[in-house]
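Participant: predicted model, plus sequence, below.
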Amino acid sequence: MNTRTLTAVATALAATVTLGAAGCSGSKQPSGGKGADGKNPATANQGAVVGGTPQKGGTLTVLSNQDFTHLDPARNWVMSDMEFGTRLLYRTLVTYKAAPGTGGGELVPDLATDLGTSSNGAKTWTFRLKQGVKYEDGTPVTAQDIKYNVERSFSPDLPGGADYAARYLAGADGYQGPAEGKHLASIKTPDDHTIVFELRKPFAEFPNATVMPTFAPVPKGKDKGPQYDNRPFSSGPYKIESYQRGKKLVLVRNTNWDASTDQVRKAYPDKLVMVMGLKANQIDDRLIASQGADASAVSWGALRPESAAKVLPNAEVRKRLIAESTNCTDMVQMHTGRAPFNDLKVRQAVQYALDRDSVLTASGGPAFNDLSTAYMPATLFDGKEPDTLKIPATGDVEKAKELLKAAGKPDGFATKMTVSTGDKGRAEAIQQSLGKAGIKVTIETVDPSAFYATIGDTKNRTDIAYTGWCPDYPSGSTFLPFVFDGRYIKEKGNSGNHSLFRDEPTMKRMDEIAAMTDAKQANTAWQQLDGEILAKAPAVPVLVRRWPLVLGSNIAGAYGQTSFGGQLDYATVGLKDPSKSQG
C-alpha cells in the first residue's frame, strides 16, 4: 500500500502515509545515530507498550499538520489513514491483532467469525459474519453491505483505493461499479451473514486482502458518492460528530458498537479530537513539552528529523518515544513512458547519481532510517536486503555522467519532481546530488492530502515522483506487482506504479510466480525478480523509515502497529488519567 505516508502503507504506506515530515540538510548529527553503548536510542520502546493500561474516558487529542487523503473505505489506501479508519470508524472482514511488535502481524477475525474458508483450489472464499454487529443507527451490518462497498470501489468517481478486488475477482474486467443496478456475479450473498467471493485465479493469501478498507461495509442508502469521504457511516466504536476538512475532526462513541463482538478495539477514550493545519515543528515542540492539554495528545505525523536533537539526548522524553519501522521503501520513481526516462541509460544515470546517504541525513540519520539497496523491504528478504547493484551509498557521479553521455546527453538535462510538502528536505538532497551529474531538478511540492491525486494523474504529472510502497502483508505478491505491473495503471487515481513501468517479461514472470503453490518457492522467486526489475531501473530505492512519535505524558496503551507502518495503534491507545484531558 502507499506509504502516504508508510505509505505510507505507506506505505506505505502509503503506505502510504503521506511520506513523513520535513528533512534537514547538513552533516550527520550525533543525535541521529547510535548511542555511546552502540544501541539505537530511538528504539528503546520497540515492541513494547508505553504508558501502561489506559483508563476509560476522557478526550484523546491528535495534533496534525494535514488532513486525511481519504476516509471513504472504498478509497482509503493510505497507511495511516487505513489504520485510523479501520481501528475507529469501520470494521473489515479480517484485521490485525492489537499487539506491539511481531504480534501486530497476526490476522484475526473482525466482522467475520473466522479467517475465511477456501474451496475450489483457493479460487472460492466464504466468510460468515458475526451476529449482533450494528451501525451507528442501530441497524445490522449485512453481507450485502460488504458486497456493495467492494463494488463501489470500482466506480471511476471513487479513485485511489486498494485494487485487490479488481485484480482477483472473476468477471471484474470492465466493471464500473454498482451504478444503474450493475453488480458483480462473483460476489454472492446467499443470506445476510454469508458472503462468497469467486476469484479468477487461486489466491491463498486472500484473507490478508480482506484487511483492506475495501472489505468494510457501506449501506447503499448511506452512500453519497465522493461526498461519502466527509462522513463515513460507522460500524466501529466511534462515529463522526463533526468534520471540517483541513481543520478539525471530532469522533464520539458509537453507542451501538458492541464490545462483545470485537476482540480488537478497546475504545478507551470517550472522544477523539484531531486538530489539523498545525505547523509540524510546533507539534513536535508541544509534545516534547507535554504541558496542560498536550499531555493528553499524540501526533498524527512522524517526528521531524530536526527535532531528533531535542528528543534523543533527553531520557525523560525518550521514555515517551515510539519508533517502529514503517516497513515501507521510499523511492525515486521515473516516468518510463516519457523522454528522457524511456531510456534505460538515463534511468541508470539517476541510480548512480543519487546520494542516498545525503537523503538519509535529511531524514534524521540512521536512528530513524535504514538505507535501501532493493525495492522490497528487508522483511521480505528474510531480514536483510541484497545489494545487487553495488552502488555506493554516496553515489557515483562519474559513472552517472558516463551513462548520460552514452544516452546522448553529455550536458545533462532538466526535469521536474513532485514531492509531498513534508518531503521537501529529502527532495532538496536529491536535487543537489543529481545536479552534480548535470541533472537539473525543479521541485514541485504538494500538500499531503492532495499528493497522491496529483501524482496519480498520469497525463499531467511530472517526470519524477518521490513516493514509496509498503507491503500490505509479508509477501512479495503485495509489493512488486502493485509497483511494477503495467496492466493496472489508471489515467486518474493511479496508485503504486508511479514509474508507469510496462515491461512484458516482468509481467509474465509475475504471473508465473503468482501461480506457484509452494510459498517458499514463490518467496525466492519474488526476491530474484526484485533484482531483475532493479536492473531495468524504473525507480531508485532510497530508504526505509521509522515512524517516530513522541507521546504526551498522560498517554497510555501506546505502541506502533507494525502492520500499519508503525503508526500509533488507535485500537488500544487511551489516557492514564482521563480527568486531566480537555475537550
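Facilitator: Sure thing, it's come through.

Participant: so where's the longest strand in this protein?
Facilitator: strand 321-334 (DSSP state E).

Participant: please identify the buried residues of whichever helix or strand comes after that strand?
Facilitator: Scanning forward in sequence from strand 321-334 by DSSP states H and E, the next helix or strand is helix 344-353. Buried positions in helix 344-353, judged by neighbour count with 16 or more other CB atoms under 10 Å: Lys345, Val346, Arg347, Gln348, Ala349, Val350, Gln351, Tyr352, Ala353. Backbone N, C-alpha and C define where each C-beta goes, glycine included.

Participant: so which pair among these is furthest apart in space?
Facilitator: Across the buried residues of helix 344-353, the longest distance by CB to CB is 12.2 Å; it joins Lys345 and Ala353.

Participant: coming back round to it: got JSON lines for the buried residues of helix 344-353, with pLDDT and distance to Gly468 too?
Facilitator: Below are those laid out as JSON lines (pLDDT from 0 to 100; distance: CB to CB, whole Å):
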{"residue": "Lys345", "pLDDT": "98", "distance to Gly468": "25"}
{"residue": "Val346", "pLDDT": "98", "distance to Gly468": "22"}
{"residue": "Arg347", "pLDDT": "98", "distance to Gly468": "18"}
{"residue": "Gln348", "pLDDT": "98", "distance to Gly468": "21"}
{"residue": "Ala349", "pLDDT": "98", "distance to Gly468": "22"}
{"residue": "Val350", "pLDDT": "98", "distance to Gly468": "16"}
{"residue": "Gln351", "pLDDT": "98", "distance to Gly468": "17"}
{"residue": "Tyr352", "pLDDT": "98", "distance to Gly468": "21"}
{"residue": "Ala353", "pLDDT": "98", "distance to Gly468": "20"}
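
Participant: for these, which one is nearest Asp370?
Facilitator: Taking CB to CB as the measure, Gln351 is the one of those closest to Asp370, at 18.4 Å.

Participant: so who does that closest one touch?
Facilitator: Leu389, Ile391, Ala400, Ala537, Val540 (CB atoms under 8 Å, 6 or more residues apart in numbering).

Participant: burial of the first one, as a residue count?
Facilitator: Think Leu389. A count of neighbours around Leu389, defined by other CB atoms under 10 Å, yields 16.

Participant: residue contacts, it?
Facilitator: By CB under 8 Å, 6+ apart, the neighbours of Leu389 are Gln351, Thr373, Leu534, Ala535.

Participant: and what of the third one?
Facilitator: Applying CB under 8 Å, 6+ apart to Ala400 gives the contacts Ala349, Val350, Gln351, Tyr352, Ala353, Ala437, Ile439.

Participant: same check on the last one?
Facilitator: Under the criterion of CB under 8 Å, 6+ apart, the contact partners of Val540 comprise Met331, Val332, Met334, Val350, Gln351, Leu354.

Participant: can you redo these as JSON lines with distance to Tyr90?
Facilitator: Converted to JSON lines, the contacts of Val540 look like this (distance: CB to CB, whole Å):
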{"residue": "Met331", "distance to Tyr90": "30"}
{"residue": "Val332", "distance to Tyr90": "34"}
{"residue": "Met334", "distance to Tyr90": "36"}
{"residue": "Val350", "distance to Tyr90": "41"}
{"residue": "Gln351", "distance to Tyr90": "41"}
{"residue": "Leu354", "distance to Tyr90": "40"}
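
Participant: got the angle for the helix or strand harbouring Pro541 vs helix 344-353?
Facilitator: Assessed by DSSP H and E, Pro541 sits inside strand 539-550. Note on geometry: by axes from the mean of the first three to the mean of the last three CA atoms, to 10 degrees, strand 539-550 and helix 344-353 are set 40 degrees apart in direction.

Participant: CA atoms only: put strand 539-550 into CSV for me.
Facilitator: Output in CSV follows, covering the C-alpha atoms of strand 539-550 (Å, rounded to 0.1, in the frame of the first residue of the first chain):
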residue,chain,number,x,y,z
ALA,A,539,12.8,3.5,-9.8
VAL,A,540,15.6,4.1,-7.3
PRO,A,541,15.1,2.6,-3.8
VAL,A,542,16.3,5.1,-1.2
LEU,A,543,15.5,4.2,2.4
VAL,A,544,13.1,2.6,4.8
ARG,A,545,12.0,5.0,7.6
ARG,A,546,10.9,4.5,11.1
TRP,A,547,7.7,6.3,12.3
PRO,A,548,8.9,8.2,15.4
LEU,A,549,6.1,9.6,17.6
VAL,A,550,6.5,11.5,20.9
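
Participant: that strand pairs with which strands, parallel or anti?
Facilitator: strand 321-334 (antiparallel), strand 369-371 (antiparallel) (DSSP bridges).

Participant: switch these over to JSON lines; also include mean neighbour count.
Facilitator: Shown next, in JSON lines, are those (neighbours: other CB atoms under 10 Å):
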{"stretch": "strand 321-334", "mean neighbour count": "29"}
{"stretch": "strand 369-371", "mean neighbour count": "19"}
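
Participant: now those strands as a markdown table including mean pLDDT and distance to Ala179?
Facilitator: Output for the strands paired with strand 539-550, formatted as a markdown table (pLDDT from 0 to 100; distance: least, CB to CB, whole Å):
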| stretch | mean pLDDT | distance to Ala179 |
| --- | --- | --- |
| strand 321-334 | 96 | 33 |
| strand 369-371 | 95 | 44 |
